[in-house]
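Participant: Sharing a sequence plus its predicted fold:
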Amino acid sequence: DIQMTQSPSTLAASVGDRVTITCRASENISKWLAWYQQKPGRAPNLLIYKASTLQSGVPSRFSGSGSGTEFTLTISSLQPEDFATYYCHQYNSYNTFGQGTKLEIQ
Amino acid sequence: QVQLQESGPGLVKASETLSLICNVSGGSINSNYWSWIRQPPGKGLEWIGFVYYSGFTNQNPSLKSRVTISVDTSKNQFSLNLSSVTAADTAVYYCARVVWGPWGYLDLWGRGTLVTVSS
């Protein structure tokens, strides 16, 4: 099984901050990685796929990078609606998700 | 646009079989792979398995012995059966569309349905 480890588990930040979330894979997954945002009581929402491709309709303040085993999701300037939980998802072999990063208001 | 909607009992007794249906509306089921994912309360996401319109399936190895996923193209829906459930199977169950399947990202999700396993 490919394990996905996100860090940090919780992140406190303020509106306007630049934040970065990291996801590490236990083996090489090339660029087969997606990022999702989930708000309480809602289904996950796709933000980025193939490590760095922004899904249609997602604000450009979201960006992704990385390949192989290390990936990052960056939000360039936090907006109030960005406080949520974020998950990475590898789809190179089967499907596994990171444990999530909860982005909280500082 | 395409929408997904899960349906099924919200309460299942331990040792019985959990059965859910995902209805695909606004588009054909005949063009993608479709997945089931679950999320225990307060926890992370776990992929359960996928199905293709042809009936081809694959499941999470950790659940494979208990999972059956099938498709009904005439009704534009696919289904999940999870047998011998325990309290650990209590979760919100989502269906989702797979892009670049069978191993692809999930671009469209249903709203999810909470299934509680009672003893």
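Facilitator: That came through fine. Numbering: from 1, shown residues only, chains lettered A, B, ... in the order given.

Participant: ok, for residue 79, nearest residue in space, not its chain neighbours?
Facilitator: Went with chain A since none was named. What sits nearest to residue A:79 in space, not counting adjacent residues and going by Cβ to Cβ, 6 or more residues apart in numbering or on different chains, is residue A:15, at 6.6 Å. Glycine gets a C-beta too; all of them are placed from N, C-alpha and C.

Participant: um, chain B though
Facilitator: Residue B:79's closest residue in space is residue B:21 (Cβ to Cβ, 6+ apart), at 4.9 Å.

Participant: Which parts of stretch B:75-92 count as buried, going by neighbours?
Facilitator: By neighbour count on 16 or more other Cβ atoms under 10 Å in any protein chain shown, the buried set for stretch B:75-92 is B:76, B:77, B:78, B:79, B:80, B:82, B:85, B:89, B:90, B:91, B:92.

Participant: Not counting its neighbours along the chain, what's nearest residue A:54?
Facilitator: Closest residue in space to residue A:54, ignoring its immediate chain neighbours: residue A:48 at 5.9 Å, by Cβ to Cβ, 6+ apart.

Participant: So which residues make contact with the host helix or strand of that neighbour?
Facilitator: Remark: residue A:48 resides in strand A:45-49, with elements defined by DSSP states H and E. Here strand A:45-49 makes contact (Cβ atoms under 8 Å, 6 or more residues apart in numbering or on different chains) with A:33-38, A:54-55, A:58, A:62-64, A:73, A:86, B:99, B:105-107, B:109.

Participant: Go through those residues and flag which are in strands.
Facilitator: Among the contacts of strand A:45-49, the ones falling in strands (DSSP state E) are A:33-38, A:54, A:62-64, A:73, A:86, B:99, B:105-107, B:109.

Participant: Closest to the mean position in the chain, which residue would that be?
Facilitator: The chain I'm using is chain A. residue A:35 (4.0 Å; Cα atoms, centre = their mean).

Participant: sorry, should have said chain B
Facilitator: Central residue of chain B (Cα atoms, centre = their mean): residue B:36, at 2.9 Å.

Participant: Contacts only, for the nearest residue in space to residue B:8 that is not next to it in sequence.
Facilitator: With sequence-adjacent residues excluded and distances taken as Cβ to Cβ, 6+ apart, residue B:8 is closest to residue B:20, at 3.8 Å. Contact analysis of residue B:20 by Cβ under 8 Å, 6+ apart lists B:6, B:7, B:8, B:36, B:79, B:80, B:93, B:95, B:113, B:115.

Participant: beta partners of residue B:72?
Facilitator: Note on residue B:72: beta-bridge partners by DSSP bridges are residue B:77.

Participant: For chain B, which segments count as strands?
Facilitator: B:3-7, B:11-13, B:18-25, B:33-39, B:46-52, B:57-59, B:67-72, B:77-82, B:91-99, B:105-109, B:113-118.
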